[in-house]
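K.L.:
What follows is a predicted structure for the sequence shown.
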2 protein chains.
Amino acid sequence: MQRYFIYLAYDGTRYHGWQIQPNGISVQETLQQALSTVLRLSVAIVGAGRTDTGVHARLMVAHFDYEGELDGSRLTDKLNRLLPPDISVYRIVPVRADAHARFDALARTYHYFVHLGKDPFCRQYSCRLYNKPDFEAMNQAAARLFDYTDFTSFSKTHTDTKTNNCRIMKAEWKPLGDNQWYFEIQADRFLRNMVRAIVGTLLEVGRGKMTQEEFCRVIEGKNRCRAGESVPGNALFLVDVTYPDRCFE
Amino acid sequence: MQRYFIYLAYDGTRYHGWQIQPNGISVQETLQQALSTVLRLSVAIVGAGRTDTGVHARLMVAHFDYEGELDGSRLTDKLNRLLPPDISVYRIVPVRADAHARFDALARTYHYFVHLGKDPFCRQYSCRLYNKPDFEAMNQAAARLFDYTDFTSFSKTHTDTKTNNCRIMKAEWKPLGDNQWYFEIQADRFLRNMVRAIVGTLLEVGRGKMTQEEFCRVIEGKNRCRAGESVPGNALFLVDVTYPDRCFE
């Protein structure tokens, strides 16, 4: 068996997230069906992680196994013709037989977009704010994330994960034009709903409704109810997943 | 009577263009209705120009008259709450009584976006190309536009304009990231369908199907049938309209 990594992008608007589920169309299911059609046998794919309903990916990685040689470039073209316009495959590359899209990922990076004012072109992929938050205060609070590893406070309560430990590597708000900003966050792993809960809680800080110290208390409290409200998923993008070189040797 | 300029943006996807017409919803009609509702009397607005079905505006200017003082900032807020999410008013400013949004405009600027490859996030506002055209050749041909004033070749055949003369001030393809480019064109006026016909004809040059000389012959021929096919409207944006200072004195 040869294992392959498939690199893709998707507009999550129409999908109930990445993960296959009974009550809605998912990206994983759509991709799996297209791949199975092209390869003429049932193929299972394993993604680098889940994205929630409506969340997008500029880069998602998944793996699948296939008996025999594949022309990655031709398969990419065939899949792109078969897949709907909101899913696009970048490339398909052979990897080591034990390389795992989920367990071997060293880091995931997400971007969350916000903008001020009514904007006909931002509304689909960015969260509208009605007042400019204090981005400096939000960045000071975001830097405190590096001091912690247990992010139970920012996780959905009922999940099947064994630990809620994550190592945050980047967490910063950056400007993007005059009235738009994005929050970049990178970690070795993310809990369900974590980015949107962190952004919602940072916005509380930016609005002056929560101090830096209260932000730290929220993390230490390990109680989801004390964190800010989750922000909408349509402004969240998975933008990168990194793997060690050994996956490709 | 006091005259006002209203600066707005719109996503043209849902609209049959700017201009009011019997068989579809237009931006002008939608804006006029909202303005009339807020001001509690029937108000007519005059736009800087027409945009075709599906064409967008990052900046459109229109004028209207109102008896008495208006608080531009409050009116902007009220309109934005009433207008659908795909139309946004930037500001409303008093101008001279004889300032005319259409006849006083010195220049209009349009951008046309193209991209290579399947991209879930470009598809709504950019035209997908299947092969990379020769942008250098297209820019050489575009520079020839400065040598001409009669653009009958790039106009819809049945229009009510008296002359087909336009003065082109800018015409250049520029890169925008790795696989996206846009064509910037500025002129004192544009004929109906003109930008999309010019882009379509330049793409013929970029694909090696038309030489620089043939491009000039197309313009000199004053025959729409010899020009390239019009490109789709969803990738076209009106981005600027400029007025002389006297309008605001």
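P.N.:
Structure's in. What do you need?
K.L.:
Distance from the chain centre to the lowest-mean-pLDDT helix or strand in chain A, please.
P.N.:
Here the helix or strand of chain A ranked lowest by mean pLDDT, DSSP states H and E is helix A:212-221, holding a mean of 94. Computed by CA atoms, centre = their mean, to the nearest Å, the separation of helix A:212-221 from the middle of its chain amounts to 24 Å.
K.L.:
helices or strands up against it?
P.N.:
Where contact means 3 or more CB pairs under 8 Å, 6 or more residues apart in numbering or on different chains; DSSP states H and E, helix A:212-221 is packed against helix A:135-144, helix A:194-206. Yep, even glycine has a C-beta here, placed from its N, CA and C like the rest.
K.L.:
among those, which is the most enclosed?
P.N.:
Stretch with highest mean neighbour count among the helices and strands packed on helix A:212-221: helix A:194-206 (a mean of 24; mean count of other CB atoms under 10 Å in any protein chain shown).
K.L.:
how about the residues of chain A near chain B?
P.N.:
A:9-11, A:56, A:58, A:80, A:85-89, A:117-121, A:123-125 (CB under 8 Å from any CB of the partner chain).
K.L.:
Now do the contacts for the residue sitting furthest away from the middle of chain A.
P.N.:
The C-alpha centroid of chain A is most remote from residue A:68, which lies 31.4 Å away (CA atoms, centre = their mean). When the contact criterion is CB atoms under 8 Å, 6 or more residues apart in numbering or on different chains, the partners of residue A:68 are residue A:2.
K.L.:
still on that earlier bit, just put the helices and strands packed on helix A:212-221 in JSON lines and tack on mean pLDDT.
P.N.:
Putting the helices and strands packed on helix A:212-221 into JSON lines (pLDDT from 0 to 100) gives the following:
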{"stretch": "helix A:135-144", "mean pLDDT": "98"}
{"stretch": "helix A:194-206", "mean pLDDT": "96"}
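K.L.:
Including distance to residue B:133, could those helices go into a markdown table?
P.N.:
Listed next are the helices and strands packed on helix A:212-221 as a markdown table, based on distance: least, CB to CB, whole Å:
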| stretch | distance to residue B:133 |
| --- | --- |
| helix A:135-144 | 41 |
| helix A:194-206 | 39 |
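K.L.:
out of the ones you listed, which comes closest to residue B:105?
P.N.:
Closest to residue B:105 of the helices and strands packed on helix A:212-221, according to CB to CB: helix A:135-144, at 37.2 Å.
K.L.:
Quick check: what element follows the closest one along the chain?
P.N.:
Using DSSP states H and E, the helix or strand that follows helix A:135-144 towards the C-terminus is strand A:168-175.
K.L.:
Buried residues, that next one. List them.
P.N.:
A:168, A:171, A:173 (16 or more other CB atoms under 10 Å in any protein chain shown).
K.L.:
Kindly report the same for stretch A:142-162.
P.N.:
By 16+ other CB under 10 Å, the buried positions in stretch A:142-162 come out as A:142, A:144, A:145, A:151, A:152, A:153, A:154, A:155.
K.L.:
Now do the helix or strand where residue A:110 lies against helix A:135-144: the angle between them, please.
P.N.:
Residue A:110 belongs to strand A:107-116 when elements are defined using DSSP H and E. Strand A:107-116 and helix A:135-144 are oriented at 160 degrees to each other (axes from the mean of the first three to the mean of the last three CA atoms, to 10 degrees).
K.L.:
And strand A:107-116, what does it pack against?
P.N.:
Applying 3+ CB pairs under 8 Å, 6+ apart, one finds that strand A:107-116 contacts strand A:127-129, strand A:180-187, helix A:194-206, strand A:236-242.
K.L.:
now that strand: mean pLDDT?
P.N.:
For strand A:107-116, mean pLDDT rounds to 97.
K.L.:
Would you mind listing the buried residues in it?
P.N.:
Applying 16+ other CB under 10 Å to strand A:107-116 flags A:108, A:109, A:110, A:111, A:112, A:113, A:114, A:115, A:116 as buried.
K.L.:
Show me chain A divided up by domain.
P.N.:
As assigned by automatic domain parsing, chain A contains the domains A:2-104, A:107-239.
K.L.:
distance of the residue farthest from the centre of chain A from residue A:187?
P.N.:
Distance of residue A:68 to residue A:187, computed by CB to CB, to the nearest Å: 37 Å.
K.L.:
ok so, going back, in CSV, list the buried residues of stretch A:142-162 along with distance to residue B:192.
P.N.:
As requested, the buried residues of stretch A:142-162 are exported to CSV (distance: CB to CB, whole Å):
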residue, distance to residue B:192
A:142, 51
A:144, 58
A:145, 55
A:151, 57
A:152, 61
A:153, 59
A:154, 54
A:155, 56
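K.L.:
picking up where we left off before, quick one, grab the pLDDT at the residue farthest from the centre of chain A.
P.N.:
At residue A:68, the pLDDT recorded in the model is 82.
K.L.:
what's across from residue A:5 in the sheet?
P.N.:
Taking DSSP bridges as the rule, residue A:5 bridges to residue A:63, residue A:93.
K.L.:
Okay, now the unreliable bits of chain A?
P.N.:
Low-confidence segments of chain A (pLDDT under 70): A:157-161.
K.L.:
So which bits of the helix or strand residue A:80 falls within are buried?
P.N.:
Element membership of residue A:80, judged by DSSP H and E, is helix A:72-82. Residues A:72, A:75, A:76, A:78, A:79, A:80 are the ones in helix A:72-82 that count as buried (16+ other CB under 10 Å).
K.L.:
and if you look at stretch A:209-223?
P.N.:
Within stretch A:209-223, the residues that count as buried by 16+ other CB under 10 Å are A:210, A:215, A:218, A:219.
K.L.:
Name the residues that touch the strand holding residue A:110?
P.N.:
Outside strand A:107-116, the residues that touch it by CB under 8 Å, 6+ apart are A:48-49, A:122, A:125-132, A:169-170, A:176, A:179-190, A:195-196, A:199, A:231, A:235-242.
K.L.:
List phi and psi for residue A:130.
P.N.:
The phi/psi pair for residue A:130 (degrees, to the nearest 10) reads phi -100, psi -20.
K.L.:
so what's it up against?
P.N.:
Residue A:130 is in contact with residue A:116, counting by CB under 8 Å, 6+ apart.
K.L.:
Distance-wise, check it relative to residue B:72.
P.N.:
For residue A:130, the distance to residue B:72 - CB to CB - is 20 Å.
K.L.:
Might one say that residue A:44 is in contact with residue A:32?
P.N.:
Yes - in this structure, residue A:44 is within contact of residue A:32 by CB atoms under 8 Å, at 6.8 Å.
K.L.:
Report the backbone C-alpha coordinates of stretch A:1-13 in CSV.
P.N.:
Extracted in CSV, the C-alpha atoms of stretch A:1-13 (Å, rounded to 0.1, in the frame of the first residue of the first chain):
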residue,chain,number,x,y,z
MET,A,1,0.0,0.0,0.0
GLN,A,2,1.2,3.5,-0.8
ARG,A,3,0.1,6.4,1.3
TYR,A,4,-0.6,9.9,-0.2
PHE,A,5,-1.1,13.3,1.3
ILE,A,6,-3.8,15.4,-0.4
TYR,A,7,-3.6,19.2,-0.1
LEU,A,8,-6.8,21.1,-0.6
ALA,A,9,-8.8,24.3,0.0
TYR,A,10,-12.5,24.8,0.6
ASP,A,11,-15.1,27.4,1.1
GLY,A,12,-16.9,26.0,4.1
THR,A,13,-20.1,28.0,3.7
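K.L.:
Please point out which parts of that stretch sit buried.
P.N.:
A:3, A:4, A:5, A:6, A:7, A:8, A:9, A:10, A:11, A:12.
K.L.:
The last one and residue A:53 touch, don't they?
P.N.:
Yes - between residue A:12 and residue A:53 a contact is recorded at 7.4 Å, counting by CB under 8 Å.
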